[in-house]
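Novice: Take a look and give me a structure for this.
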Amino acid sequence: MAKAIHTMIRVLDLEKSVEFYKQAFGLDVADHFDFDDFALVYLRNDENDFEIELTLNKSRETPYTHGDGYGHVAVCVDDVRNTHQQLAELGLSPTGIKEFHREGSLMARFFFVQDPDGYKIEVLERHGRYQ
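Specialist: Predicted structure coming up:
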């Protein structure tokens, strides 16, 4: 059974976005991961464990529009490889499995699949913060 864990939006000004979600919805920073080209900030509150992931692409200078702003819904599963195989066998064309490593350790193992309207869904293996 899949569990929804976060939704992602791209932002131009990370501090401004964090402040907005704090003020508007009482969401606090649960984690902040800084990479060379981008940063990820996960926001949540005590109401549940579903999060908003803010993604800052450091080279971006112009605001995103709804037409080119990328977003996704994410779910986590026990076994990414098995789920990937099942979706492929259903003809749903999942992307290849990828991994992110941070400080020498696996951070995430995942792939994407698109729904009939073209919305991307990230499927993450339960690991670390993705539970």
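
Novice: first to last residue in stretch 7-21, what's the distance?
Specialist: Length of stretch 7-21, first residue to last, Cα to Cα, to the nearest Å: 13 Å.

Novice: Kindly report the same for stretch 45-61.
Specialist: Stretch 45-61 has an end-to-end distance of 30 Å (Cα to Cα).

Novice: cool, and stretch 34-42?
Specialist: Length of stretch 34-42, first residue to last, Cα to Cα: 12 Å.

Novice: One more: stretch 61-71?
Specialist: 18 Å.

Novice: Check stretch 97-114 too.
Specialist: Per Cα to Cα, stretch 97-114 runs 14 Å from first to last residue.

Novice: Pull out the buried positions in it.
Specialist: Neighbour counts over stretch 97-114 (16 or more other Cβ atoms under 10 Å) mark 107, 108, 109, 110, 111, 113 as buried. All C-beta spots, glycine's among them, are computed from the backbone N, C-alpha and C.

Novice: mind checking the longest helix of the protein?
Specialist: Ranked by number of residues, the top helix in the chain under DSSP state H is helix 14-25.

Novice: And the next helix or strand after it, what does it pack against?
Specialist: Next in sequence after helix 14-25, counting helices and strands by DSSP states H and E, comes strand 28-34. Contacts defined by 3 or more Cβ pairs under 8 Å, 6 or more residues apart in numbering; DSSP states H and E place strand 28-34 against strand 38-44.

Novice: Of all the residues in the helix or strand of the chain with the lowest mean pLDDT, which ones are buried?
Specialist: The weakest-scoring helix or strand in the chain, judged by mean pLDDT, DSSP states H and E, is strand 72-77 (a mean of 87). Within strand 72-77, the residues that qualify as buried are 74, 75, 76, 77, counting by 16+ other Cβ under 10 Å.

Novice: Using a markdown table, lay out these together with distance to residue 2.
Specialist: Below are these laid out as a markdown table (distance: Cβ to Cβ, whole Å):
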| residue | distance to residue 2 |
| --- | --- |
| 74 | 10 |
| 75 | 4 |
| 76 | 7 |
| 77 | 6 |
